[in-house]
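**Q** dropping the sequence and predicted coords here.
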Amino acid sequence: MLRNRRQILRDGLPTWMSGVMDVEEHSLDAEGRGIGFSVLELTYRTVQGIETALQRLEAGEFGTCSECRCRIGDARLRALPFAALCRACQETHDIAAGWRERVASARSGSLGH
């Protein structure tokens, strides 16, 4: 699986369409590129997660939360085998990430009031 994901990363860069396009074709092409980049980013994150999980396995730390050092629940590991955080720490991390995103949006003036 890891080799397949790495190959997708190597080969997954979208190819750009050439030639004359009307507005609709241009829009569809841009949408396709956006989806391609999203898939590529998700694949990259998955590969990184797998590599980190393998390192944690070798170090005897697999299944232990890297934040609070508690055991990660079996159901979570079945759903996301490369989880590095327990559910509680992941929720805290997600809330903090959302807060940082809102602050960055407010600073850039992109919040719609």
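**A** Ah, there it is. None of the values given here were measured: they were computed from a predicted structure.
**Q** quick one, helices of this protein?
**A** 2-11, 23-58, 74-79, 87-108 (DSSP state H).
**Q** and Glu41, how close does it get to Ile35?
**A** The gap separating Glu41 from Ile35 is 11 Å, by Cβ to Cβ, to the nearest Å. Any C-beta I mention is one placed from the backbone N, CA and C, and that applies to glycine too.
**Q** should've said Asp94
**A** 23 Å.
**Q** one more: Arg102?
**A** Separation of Arg102 from Ile35 (Cβ to Cβ): 26 Å.
**Q** how about Trp99?
**A** Per Cβ to Cβ, Trp99 is found 28 Å from Ile35.
**Q** what about the closest residue to Gln90 other than its chain neighbours, how many neighbours?
**A** Of all residues not flanking Gln90 in the chain, Ala83 sits nearest, at 7.3 Å (Cβ to Cβ, 6 or more residues apart in numbering). Using other Cβ atoms under 10 Å, Ala83 has 21 other residues around it.
**Q** Phe37 now?
**A** Phe37 has 13 nearby residues by other Cβ under 10 Å.
**Q** check Ala84 too.
**A** Close neighbours of Ala84, defined as other Cβ under 10 Å, add up to 19.
**Q** shaky segments in the chain?
**A** The chain contains residues with pLDDT under 70 at 1-3, 5-6, 8-23, 26, 28-30, 32-33, 103, 108-113.
**Q** the same query, at a cut-off of 90, please.
**A** Applying pLDDT under 90 to the chain flags residues 1-50, 96-113.
**Q** any idea how far Phe82 is from Asp94?
**A** For Asp94, the distance to Phe82 - Cβ to Cβ - is 16 Å.
**Q** one more: Glu67?
**A** As for Glu67, its distance to Phe82 is 15 Å (criterion: Cβ to Cβ).
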